[in-house]
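Visitor: coordinates only, sequence not included:
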């Protein structure tokens, strides 16, 4: 009976204490209680509160990776990426890592120009006798080229320095390699007809300005070398300094790139008249419509009114692999063909696109 009374008293005492006070009791507080049953009840309350706190902590810790992943997805997933006020994705900021939340660090290889393979490319005018005005640069025997060949391009860039000029500038290095392969030319041992190498370095500046209804996102200031690495009479090369203006409005991006050729001495210049055909700049327009990407690259030379246009269509195929159609009309599809007008069409696949 005595024990029952002590137990009833302990229950009444616990009921009279507000829950927050019990929950806040410490181990030292419980040790000061002299009544064994009341002290045991205090320990029980403390243990229950501890288990609830541990459970809450475990839930919070478990939520951290998911929250981190969600934060990363917001920057990388096309469906929930950074967007303009009109709801369209801000692809230029993501592709060029312009904003602080878009940056992923230095020396990470990322896409630059499209990387693709055209399994079949038809030319209406294969360049059988490549030549330039430079001495020793004339092929005298026809190359016996097929009209149908394959064409490949690999292109990537990597950032060497970032957050220059108060976080507004990054220094990039880029590399593009394009090859034309006479794979179906069995009579000529299926040679690689031409491979052009194009390393470059450029400073990307975030501009955050507006121009004629477009968001002027970036300014690239670069130096680029392009050559085919061939011996005479097929050697071709040139160097340029350029400024490229990147603008965006909704799903349409424009890249305006004027350039200045860096002249060489008469004795080392493979192609002294190359700007007469390639002009002094190019304009690239890229339009994103759902999973399809359409682009047009144009050049113009006032010498002889020579115009060039390349039209591209990348469309969904399997996963990240896209089907690809390329149509070209003009000069300089490859460096050895800079002074030959060609109309070509090719079909294949692409791994990366302009956007």
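Guide: Cool, the structure landed. Owing to the predicted nature of the structure, the values given are computational and were not obtained by experimental measurement.
Visitor: so what's the residue count around the closest residue to residue 352 other than its chain neighbours?
Guide: Once flanking residues are discounted, residue 352 sits nearest to residue 111: 3.9 Å by CB to CB, 6 or more residues apart in numbering. (Glycine included, C-beta is placed from N, CA and C.) Here the count is done by other CB atoms under 10 Å, and residue 111 has 15 residues near it.
Visitor: residue 128 now?
Guide: The number of residues packed near residue 128 is 12, by other CB under 10 Å.
Visitor: please list all residues in contact with it.
Guide: 142-145 (CB atoms under 8 Å, 6 or more residues apart in numbering).
Visitor: tabulate those (TSV), appending distance to residue 234.
Guide: Formatted as TSV, the contacts of residue 128 follow (distance: CB to CB, whole Å):
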residue	distance to residue 234
142	14
143	9
144	15
145	13
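Visitor: which of those lies closest to residue 172?
Guide: The shortest distance between residue 172 and any of the contacts of residue 128, using CB to CB, involves residue 145 and amounts to 35.7 Å.
Visitor: show the pLDDT at the closest one.
Guide: According to the predicted model, the pLDDT of residue 145 comes to 96.
Visitor: burial count for the residue nearest to it when sequence neighbours are not counted?
Guide: Excluding the flanking residues, the one nearest residue 145 by CB to CB, 6+ apart is residue 126, at 4.1 Å. By the criterion of other CB under 10 Å, residue 126 has 20 neighbours.
Visitor: and the pLDDT at residue 104?
Guide: 89.
Visitor: give me the phi and psi for it.
Guide: In terms of degrees, to the nearest 10, the main-chain angles of residue 104 are phi -120, psi 10.
Visitor: helix or strand: which one has residue 127?
Guide: Counting by DSSP states H and E, there is no helix or strand that carries residue 127.
Visitor: give me the distance between it and residue 179.
Guide: Counting by CB to CB, to the nearest Å, the separation of residue 127 from residue 179 is 15 Å.
Visitor: equivalent analysis for residue 241, please.
Guide: Taking CB to CB as the measure, residue 241 falls 26 Å from residue 179.
Visitor: higher neighbour count, the two?
Guide: Comparing residue 241 with residue 179 by neighbour count (other CB under 10 Å), the higher total belongs to residue 179, at 18 against 13.
Visitor: quick one on the thing from earlier: verify the stated contact: the residue nearest to residue 145 with residue 148.
Guide: No. In terms of CB atoms under 8 Å, residue 126 does not count as a neighbour of residue 148; the distance is 9.5 Å.
Visitor: can you give the domain ranges for the protein?
Guide: Domain segmentation of the chain under automatic domain parsing yields 2-73, 91-352.
Visitor: out of those, which gets the lowest mean score?
Guide: Looking across the domains of the chain, the weakest by mean pLDDT turns out to be domain 2-73, at a mean of 54.
Visitor: ok, now which ones touch the residue nearest to residue 145?
Guide: By CB under 8 Å, 6+ apart, the residues touching residue 126 are 143, 145-147.
Visitor: which one of those residues sits closest to residue 184?
Guide: If you rank those by distance to residue 184 using CB to CB, residue 146 comes first, at 5.7 Å.
Visitor: secondary structure element for the closest one?
Guide: When elements are assigned from DSSP H and E, residue 146 belongs to no helix and no strand.
Visitor: residues near it, how many?
Guide: Look at residue 146: counted by other CB under 10 Å, it has 17 neighbours.
Visitor: residues in contact with it?
Guide: Counting by CB under 8 Å, 6+ apart, residue 146 has contacts 126, 182, 184-185, 188.
Visitor: and it, how far from residue 310?
Guide: Between residue 146 and residue 310 the computed distance is 21 Å (CB to CB).
Visitor: ok, now how distant is the residue nearest to residue 352 from residue 207?
Guide: Taking CB to CB as the measure, residue 111 falls 22 Å from residue 207.
Visitor: quick one, phi/psi of the nearest residue to residue 327 once chain neighbours are set aside?
Guide: Nearest-residue entry for residue 327: residue 311, 4.5 Å, with adjacent residues in sequence omitted and distances by CB to CB, 6+ apart. Backbone torsions for residue 311, taken as degrees, to the nearest 10, come to phi -110, psi 130.
Visitor: and residue 311, what does it touch?
Guide: Shown in contact with residue 311 (CB under 8 Å, 6+ apart): 294-296, 326-328.
Visitor: which of these are buried? Put it as a ChimeraX command.
Guide: Here is the ChimeraX command that picks out the buried ones among the contacts of residue 311, judged by 16 or more other CB atoms under 10 Å:
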select :294,295,326,328
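Visitor: just the ones of the contacts of residue 311 in strands?
Guide: 294-296, 326-328 (DSSP state E).
Visitor: which of these lies closest to residue 284?
Guide: Within the ones in strands among the contacts of residue 311, the smallest distance to residue 284 is 6.5 Å, found for residue 295 (CB to CB).
Visitor: beta partners of that closest one?
Guide: Taking DSSP bridges, one obtains residue 286, residue 312 as the residues bridged to residue 295.
Visitor: which stretches of the protein form helices?
Guide: For the chain, applying DSSP state H gives helices covering 2-16, 19-23, 27-31, 36-76, 91-96, 274-278.
Visitor: quick one: residues contacting the closest residue to residue 313 other than its chain neighbours.
Guide: In space, and not counting its chain neighbours, residue 313 is closest to residue 325: 4.6 Å by CB to CB, 6+ apart. With contact taken as CB under 8 Å, 6+ apart, residue 325 is in contact with 312-313, 315, 345-347.
Visitor: could I get these as TSV with distance to residue 261?
Guide: Rendered in TSV, the data for those read as follows (distance: CB to CB, whole Å):
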residue	distance to residue 261
312	26
313	31
315	36
345	30
346	28
347	33
